[in-house]
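**Q** This is a predicted model, with the sequence first.
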Amino acid sequence: MWVIFGVIAIVTTFINLYMYKAGKDYNLAMAMALSFTALTICADYSYLTRWVKTEDWAALSDVIPGMARAFWFLTIVSILLNIAPIFLERKSKKLRLTV
């Protein structure tokens, strides 16, 4: 399930950026992308819970360290890409006001 949520998060991020570039309202796409990013992390943690319940410590020790780094990186990238239109919009408004 986390893979599906992750793919949806990526697709909605690109929709967000496209809608900004096209001059359309991107707020819903941004909210959906960030929401699916959060759902991806929650779904993966739920998946890992099964390994904890079965006490599969070898699998956990192999997967968790790399996954933690990947989740931090991908979540930060998702946040930055999804809020970029807000900052770009503010910057363009400032430029219009000063000109």
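**A** All right, it came through fine.

**Q** Which helix runs longest in this structure?
**A** Determined from DSSP state H, the single longest helix within the chain is helix 57-98.

**Q** next one: it to chain centre, how far?
**A** Chain-centre distance of helix 57-98: 6 Å, with C-alpha atoms, centre = their mean, to the nearest Å.

**Q** Against which helices or strands is it packed?
**A** Counting contacts by 3 or more C-beta pairs under 8 Å, 6 or more residues apart in numbering; DSSP states H and E, helix 57-98 packs against helix 2-21, helix 27-53. All C-beta atoms are positioned from the backbone trio N, CA, C, and that covers glycine.

**Q** Indicate which one of these is closest to residue 84.
**A** Closest approach to residue 84 among these (C-beta to C-beta): helix 2-21, 7.3 Å.

**Q** Compute the inter-axis angle for that closest one and helix 57-98.
**A** If you take axes from the mean of the first three to the mean of the last three C-alpha atoms, to 10 degrees, helix 2-21 sits at 10 degrees to helix 57-98.

**Q** avg pLDDT for the longest helix of the chain?
**A** Per-residue pLDDT values over helix 57-98 give a mean of 90.

**Q** so it versus helix 27-53, what angle?
**A** Going by the same axes, to 10 degrees, helix 57-98 makes 160 degrees with helix 27-53.

**Q** I'd like the distance between residue 69 and residue 82.
**A** Remark: distance between residue 69 and residue 82 (C-beta to C-beta, to the nearest Å) = 21 Å.

**Q** Would you mind telling me which of the two has the busier surroundings?
**A** Per other C-beta atoms under 10 Å, whichever of residue 69 and residue 82 has more neighbours is residue 82, with 23 against 10.

**Q** Does the more buried one touch residue 30 like I think?
**A** Yes. Here residue 82 lies in contact with residue 30, judged by C-beta atoms under 8 Å, at a distance of 4.9 Å.
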